[in-house]
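Undergrad: mind looking at a prediction? Sequence and model below.
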Amino acid sequence: MDSFAGATTLPEAVPAGMRQGNTLPGYKLGDVLGRGGMGEVVAARDERIGREIALKRMRAFASPELERRFLREARIQARLDHPAIVPVYEVGTDDHGLPYFTMKRLAGTTLAERIAARAPIRPLLHTLVDVARAIDFAHARGVVHRDLKPANIMIGHYGDAYVLDWGIASVRGEVVLRAVTEPSSTGQTEHDGILGTPGYMPPEQMLGEDVEPAADVYALGAILFEVLTGEPLHPPGQAACASTLEMPCTAPASRRPDLAIAPELDEACFDALSPDPAARPTAGQLADRIQGYLDGDRDLEGRRLLAQQLVTSAYALLATGQESGRALAAQRVSRALALDPQSDAAAVLFNELAFERPLELPPKLRARFAADSAKNVRHGAKPAALALVGLLLMTFASIPLLHVHRWYWVIAIIAVLAHQIGQAVRAYLTGKIRVVPLMAGNFLLALVCSRIAGVFILTPMLICGAMLALAATNTVIRHPWMLFVWVAVSMLAPLGLEYAGIFDPTWSVNAHSIEIRSATFSGSGPVASLTVVVANLVVICMLCWYAVALSRSARDARRELLMQTWQLEQLVPSARVMRGE
């Protein structure tokens, strides 16, 4: 309460009745509210207007210097017309010549008491915003408090905050109050020592340097540190001096990692405690940063509550078992995550809806599957059509080079190739595959090809190429046994027909060799040999190209799916990932 606590003893030159404080013209004096070394604050009533006030007066005669300091406090406090600074009503001297001034009577508790009682942090942060704005107001008028600490901040019953004790404040243009450099071990404001309170003074004030507004910002940072951590930045008493000079700046979160201090407040406090006065924010900037956190935190609480309600309603919709309910639940849980990205419940439900397959596919999803299937059919139909065209051209190119003695087989393979080309073109245009006609056509192609080059040349390769195309169809994927049956029939049918004597034999085995012949062509010499080699090479290369095209299409589809999944996971990570757990 008194700016000069700890002052030296003053001469007892006041009459006993005055020292007991029972009379003062125009005022009815009451109980003593606080007392210091040379002054005291008493409750009083201004009888002239019937107002309850607080009266601060000197308790004893003092030197002119001390009287000047006493009245200086009243003038400084009076010139700072701010809601968080106690207004001064009157300044005067009593009948004994001792100065006094009257001011608003406060009722409440100090911030130090609130911190000791472990009061909720949010109201204390609101108090700090009001205090920081009051200090910023004082700085704008050339006044530096120099003794900010929780004990000098009063919180009223209605949350109103007041900055007390302007007795050692410095004023721009006036002679700065100075003291010797030896601080008090009591931790109180000094009169004959360093002006300020160890533990809240910045290093420059501790060293007796000129004190600027940044000194008050350091004190505000120390108070914010104490509010956030529940413990002072520096130890009390003499140890505070060494601690301030050796380690003036400590982040609250590093001191108390168990409290999950908000990063915004941790950074604001750390900046305010910077050893370099020029690096500290202004008091107004510090107030804005704390208020910004409070505004965002208040909005966050509302968003969290709304997110919880959306998740609850999403589960209720899923419980109905209707597909329309699932779609609406997905929309609501997406909104919940947008409102509160750290919601574990929303993240879990979103992952279930996003990555777990529903029991029944909705019509829109089935339509999307159909469109994707059509796209894949077109990707496979184009290289298939080009490969079949290549086989047809190779057939035409081989006719002049070899002797044909079964023209009906040549016509048959040309007709089958033309039919298969037509099927591929149709699949490319419509995006649909008719599996049974495709199997039948490829079976006929393998059968006729066995008449052109035998059962074991070209025919197995054509069967493998057809197998690649058939394996990509939805029907075969659902019923893979169909592919095994088709391969077996396509391979064994020519052999069975030859064994039954319906087809001319195209192969035989003797003691020293395996003989393979064509049932359609004949010829000998380098040209015939080269034709066979080139034909096999062309067919193999076309099948390789077709296989590469299918593999590239499958790879691109997988990459697109993985990329979409990864992007989705980045957009909606779990709360544990967001917290870095």
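TA: Done, it's in.
Undergrad: for the stretch 401-550 of the chain, which segments count as strands?
TA: Secondary structure of the stretch 401-550 of the chain (DSSP state E, counting those that start in this stretch): strands located at 403-404, 507-509, 514-516, 521-522.
Undergrad: parallel or antiparallel, list what pairs with the last one.
TA: According to DSSP bridges, the neighbouring strands of strand 521-522, each with its direction, are strand 403-404 (antiparallel).
Undergrad: with the third one instead?
TA: Strand 514-516 has the following strand partners under DSSP bridges: strand 507-509 (antiparallel).
Undergrad: could you say which of the strands of the stretch 401-550 of the chain is packed most deeply?
TA: Of the strands of the stretch 401-550 of the chain, the one with the most neighbours on average (mean count of other CB atoms under 10 Å) is strand 521-522, at a mean of 18. C-beta coordinates here come from the backbone N, C-alpha and C atoms, glycine included.
Undergrad: now do that one: everything it contacts.
TA: If you take CB atoms under 8 Å, 6 or more residues apart in numbering as the criterion, strand 521-522 is touched by 398, 402-405, 452.
Undergrad: wait, which of the strands of the stretch 401-550 of the chain is closest to Leu530?
TA: strand 521-522 (13.5 Å; CB to CB).
Undergrad: and the closest one, how far from the chain's centre?
TA: Averaging C-alpha positions (CA atoms, centre = their mean, to the nearest Å) puts strand 521-522 74 Å from its chain's average.
Undergrad: ditto for stretch 282-291
TA: The answer for stretch 282-291 is 24 Å, by CA atoms, centre = their mean.
Undergrad: what do you get for stretch 67-81?
TA: 50 Å.
Undergrad: could you pull out the strands for this structure?
TA: Here the chain has its strands, by DSSP state E, at 27-35, 39-46, 51-58, 88-93, 99-104, 108-110, 143-144, 153-156, 161-163, 170-171, 403-404, 507-509, 514-516, 521-522.
Undergrad: contacts only, for Asp214.
TA: Residue 214: Ala, not Asp. Shown in contact with Ala214 (CB under 8 Å, 6+ apart): 202, 277-278, 280.
Undergrad: how near is it to Arg75?
TA: 24 Å (CB to CB, to the nearest Å).
Undergrad: which of the contacts of Ala214 tops the neighbour count?
TA: Pro202 (28 neighbours; other CB atoms under 10 Å).
Undergrad: quick one, what contacts that one?
TA: Pro202 neighbours (CB under 8 Å, 6+ apart): 214-215, 218-219, 244, 248, 277.
Undergrad: from these, which is closest to Glu65?
TA: Looking across those and measuring by CB to CB, the closest to Glu65 is Ala215, at 23.3 Å.
Undergrad: check whether that closest one really touches Glu204, as I assumed.
TA: Yes. Shown here, Ala215 and Glu204 form a contact pair, counting by CB atoms under 8 Å, at 6.7 Å.
Undergrad: and the two? Which one has more around it.
TA: Taking other CB under 10 Å, Ala215 and Glu204 do not tie; Ala215 has more neighbours (27 against 18).
Undergrad: please name the bridge partners of Val143.
TA: Beta-bridge partners, per DSSP bridges, of Val143: Val171.
Undergrad: that one and Leu80 touch, don't they?
TA: Yes. Contact criterion CB under 8 Å: Val143 and Leu80 qualify, at 6.5 Å.
Undergrad: what touches both of these two?
TA: Common neighbours of Val143 and Leu80, using CB under 8 Å, 6+ apart, are Trp166.
Undergrad: show me what the lengthiest helix in the chain is packed up against.
TA: The longest helix of the chain (DSSP state H) is helix 526-571. For helix 526-571, the packing partners by 3 or more CB pairs under 8 Å, 6 or more residues apart in numbering; DSSP states H and E come out as helix 363-398, helix 459-471.
Undergrad: now the last one and helix 526-571, what's the angle there?
TA: Spelled out, it's helix 459-471. In terms of direction (axes from the mean of the first three to the mean of the last three CA atoms, to 10 degrees), helix 459-471 departs from helix 526-571 by 20 degrees.
Undergrad: quick one: contacts for Tyr100?
TA: Taking CB under 8 Å, 6+ apart as the criterion, Tyr100 is in contact with 24, 55-58, 91-94.
Undergrad: what number of residues lie near the residue nearest to Ser373 when sequence neighbours are not counted?
TA: Nearest non-adjacent residue to Ser373, counting by CB to CB, 6 or more residues apart in numbering: Asn474, 6.2 Å away. For Asn474, the count of nearby residues is 14 (other CB under 10 Å).
Undergrad: go ahead and confirm Asn474 touches Ala374.
TA: No. Applying CB under 8 Å as the test, Asn474 and Ala374 come out as separate, 10.8 Å apart.
Undergrad: okay, now the domains of this structure?
TA: Per the record, the chain has its domains at 16-104, 108-281, 302-355, 373-564, by automatic domain parsing.
Undergrad: go through those domains and name the closest to Ile290.
TA: Closest among these, using CB to CB: domain 108-281, at 5.2 Å.
Undergrad: in the stretch 301-450 of the chain, where is pLDDT below threshold?
TA: Within the stretch 301-450 of the chain, the ranges that satisfy pLDDT under 70 run 301, 321, 323-324, 354-362, 365.
Undergrad: same thing but 50
TA: Counting by pLDDT under 50, the stretch 301-450 of the chain has no low-confidence residues at all.
Undergrad: repeat that for the chain.
TA: Across the chain (using pLDDT under 50), the flagged ranges come out as 1-21, 179-188, 190-192, 574-581.
Undergrad: apart from its neighbours in sequence, what residue is nearest Pro275?
TA: Excluding its sequence neighbours, the residue lying closest to Pro275 (CB to CB, 6+ apart) is Pro248, at 4.8 Å.
Undergrad: backbone dihedrals for the one you found, both of them.
TA: Main-chain dihedrals, Pro248, degrees, to the nearest 10: phi -70, psi -20.
Undergrad: wait, it sits on Gln205?
TA: No. Using CB under 8 Å as the test, Pro248 is too far from Gln205 to be in contact (10.9 Å).
Undergrad: neighbour count winner among those two?
TA: Comparing Pro248 with Gln205 by other CB under 10 Å, the one with more neighbours is Gln205, at 27 against 21.
Undergrad: show me which of the contacts of Tyr100 are buried.
TA: With neighbours counted using 16 or more other CB atoms under 10 Å, the contacts of Tyr100 contain these buried positions: 24, 55-58, 91, 94.
Undergrad: which positions in stretch 333-352 come out as buried?
TA: 333-337, 339-343, 345-347, 349-350.
Undergrad: what about those residues, which are in helices?
TA: 333-337, 339, 345-347, 349-350.
Undergrad: on that earlier part again, biggest separation within the contacts of Pro202, which pair?
TA: Spatial extent of the contacts of Pro202 (CB to CB) is set by the pair Ala214 and Thr244 at 14.5 Å.
Undergrad: could the ones in helices among the buried residues of stretch 333-352 go into TSV alongside distance to Leu444?
TA: Shown next, in TSV, are those (distance: CB to CB, whole Å):
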residue	distance to Leu444
Val333	54
Ser334	53
Arg335	58
Ala336	59
Leu337	56
Leu339	63
Ala345	60
Ala346	58
Ala347	56
Leu349	54
Phe350	52
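Undergrad: from these, pick the one nearest Tyr293.
TA: Of these, the one sitting nearest to Tyr293 (CB to CB) turns out to be Leu339, at 18.6 Å.
Undergrad: before we move on, the earlier item: for the residue nearest to Pro275, what are its contacts?
TA: Counted by CB under 8 Å, 6+ apart, Pro248 has contacts 202-203, 218, 273, 275.
Undergrad: most neighbours, which of those?
TA: Going by other CB under 10 Å, Pro202 tops these with 28 neighbours.
Undergrad: could you measure from it over to His379?
TA: 71 Å.
Undergrad: and the helices in the stretch 201-350 of the chain?
TA: 203-206, 213-229, 239-246, 252-255, 263-272, 283-319, 323-339, 344-355 (DSSP state H, counting those that start in this stretch).
Undergrad: the nearest residue to Arg51 once chain neighbours are set aside pairs with what?
TA: Computed as CB to CB, 6+ apart, the closest residue to Arg51 that is not its neighbour in sequence is Arg45, at 7.2 Å. Applying DSSP bridges to Arg45 gives these bridge partners: Lys28, Glu52.
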